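*Asks:* Next comes the sequence, and after it the predicted model I'd like to discuss.
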Amino acid sequence: MNDSAAARDAAEAASAFSHPTVDPDATAAYGPHPDQLVDFYAPRTEITDAPLVVALHGGAWRGAFDRRHLTPFVDFLARRGFAVASVEYRRGGLLPLQGGGPPAGRWPETFDDVAAALDALPALVRTHLPQADPRRTVLTGHSAGGHLALWAAARHGLPADSPWRTATPVPLRGVVALAPIAHFTKAVELDVCDGAVLQLLGGEREFEERRKSADPAALLPTGIATTVVQGRDDVVVPQAVAEAYVDAAATAGETVGLTLLEGVGHFPLIDPSADACAVVAEEIAQLAY
């Protein structure tokens, strides 16, 4: 990454993280662990039977990043008339790895949690977000959360012996994945997020076997409408990762939409003050309505 790209990325990150956190209207647990929580945001409009957006935050599956940094984006969607469920899940610990930074994700707990949250959501939404219309559900997520959104939508394609497999597709209008870590082989090749994918899967020895159950690109086709939104200037999760996923979908006989935004990096997609965030909301609306 050159100095100019690094400076731009830092400025975009600072803008996205400058907004105050927004408290939810309700929070509910989907399991006993402190991280097994969902925050609910009612639409900030008079809309009833609002489309439901299920949001998964990013942060390279690392413990330093939780759902709070996504709350300005979630509130932005609520102000656009969506009902939103923002999912927390177990991530890597805070203690650094030997010779490196904090670990990314937990195997299998990160996947256990996302599967459990999606399974619990219909009942939780009925109780805590009655304004939502679950028949119009769209999954979204940013970066590592984009990976989890794509993965959650593909659980019916998991190996038959997987504990996360569903017998039928999750009832969704679609998925809008924002700069997702969507193709693990390409992400490892590019060392996305300082080795986060290998850490998530437990290391190089575990990569090939676990990838079959964790990599969205290995679970295609899904039969679910999917759009990837990607900044062309993203230096955190480069455009090549999104393109590799779209190409893998085409090889599997499925068309995945790819919206490329000029002059946009990684963080404007979740920054309410950026034009890119309005594009994201429109992409969600196109699937929800």
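*Replies:* Ah, there it is.
*Asks:* switch to C-alpha atoms for all contacts and neighbour counts from now on
*Replies:* Noted.
*Asks:* Show me what the longest helix along the chain is in contact with.
*Replies:* For the chain, the helix with the greatest residue count under DSSP state H is helix 109-128. Contacting residues not belonging to helix 109-128 are listed as 26-28, 30-31, 36, 38, 40, 87, 89-91, 132, 134, 148, 152, 164 [C-alpha atoms under 8 Å, 6 or more residues apart in numbering].
*Asks:* What subset of those is buried?
*Replies:* 27-28, 30, 36, 38, 40, 87, 89-91, 132, 134, 148, 152, 164 (16 or more other C-alpha atoms under 10 Å).
*Asks:* List the ones among those that fall in strands.
*Replies:* Thr27, Ala28, Val38, Phe40, Val87, Ala132, Pro134 (DSSP state E).
*Asks:* OK, contacts around the closest residue to the fourth one other than its chain neighbours?
*Replies:* Nearest residue to Phe40, sequence neighbours excluded (C-alpha to C-alpha, 6 or more residues apart in numbering): Ala85, at 4.7 Å. Residues in contact with Ala85, defined by C-alpha under 8 Å, 6+ apart, are Val38, Asp39, Phe40, Tyr41, Leu52, Val53, Val54, Ala55.
*Asks:* I'd like these as CSV, with pLDDT and distance to Leu121 appended.
*Replies:* Formatted as CSV, the contacts of Ala85 follow (pLDDT from 0 to 100; distance: C-alpha to C-alpha, whole Å):
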residue, pLDDT, distance to Leu121
Val38, 98, 9
Asp39, 98, 11
Phe40, 98, 11
Tyr41, 98, 14
Leu52, 98, 11
Val53, 98, 11
Val54, 98, 9
Ala55, 99, 12
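*Asks:* Excluding chain neighbours, what is closest to Ala276?
*Replies:* If you skip the residues right next to it in sequence, Ala276 has Leu269 as its closest partner in space, 5.2 Å away by C-alpha to C-alpha, 6+ apart.
*Asks:* quick one: pLDDT of the one you found?
*Replies:* What the model reports as pLDDT for Leu269 is 98.
*Asks:* Give the helix, strand or coil label for the residue nearest to Phe40.
*Replies:* In three-state terms, and counting by DSSP: H, G, I helix; E, B strand; the rest coil, Ala85 is strand.
*Asks:* so where do the helices sit in the protein?
*Replies:* Under the criterion DSSP H, helices of the chain are mapped to 3-16, 71-79, 109-128, 144-153, 184-189, 196-201, 204-214, 239-251, 275-288.
*Asks:* now for the ones you listed, which one comes closest to Pro103?
*Replies:* With C-alpha to C-alpha as the measure, helix 196-201 is the member of these nearest Pro103 (6.2 Å).
*Asks:* And the average pLDDT for the closest one is what?
*Replies:* 97.
*Asks:* got a list of contacts for that helix?
*Replies:* Under the criterion C-alpha under 8 Å, 6+ apart, residues 60-61, 103-107, 184, 187-188, 204, 207, 210-211 lie in contact with helix 196-201.
*Asks:* how about that helix as CSV, C-alpha atoms only?
*Replies:* These are the backbone C-alpha positions of helix 196-201, laid out as CSV (Å, rounded to 0.1, in the frame of the first residue of the first chain):
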residue,chain,number,x,y,z
ALA,A,196,-7.2,-13.2,9.2
VAL,A,197,-8.6,-16.0,7.1
LEU,A,198,-6.0,-18.5,8.1
GLN,A,199,-6.4,-17.5,11.7
LEU,A,200,-10.2,-17.9,11.5
LEU,A,201,-9.8,-21.5,10.1
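*Asks:* Okay, now the unreliable bits of the stretch 151-289 of the chain?
*Replies:* For the stretch 151-289 of the chain, no stretch is flagged by pLDDT under 70.
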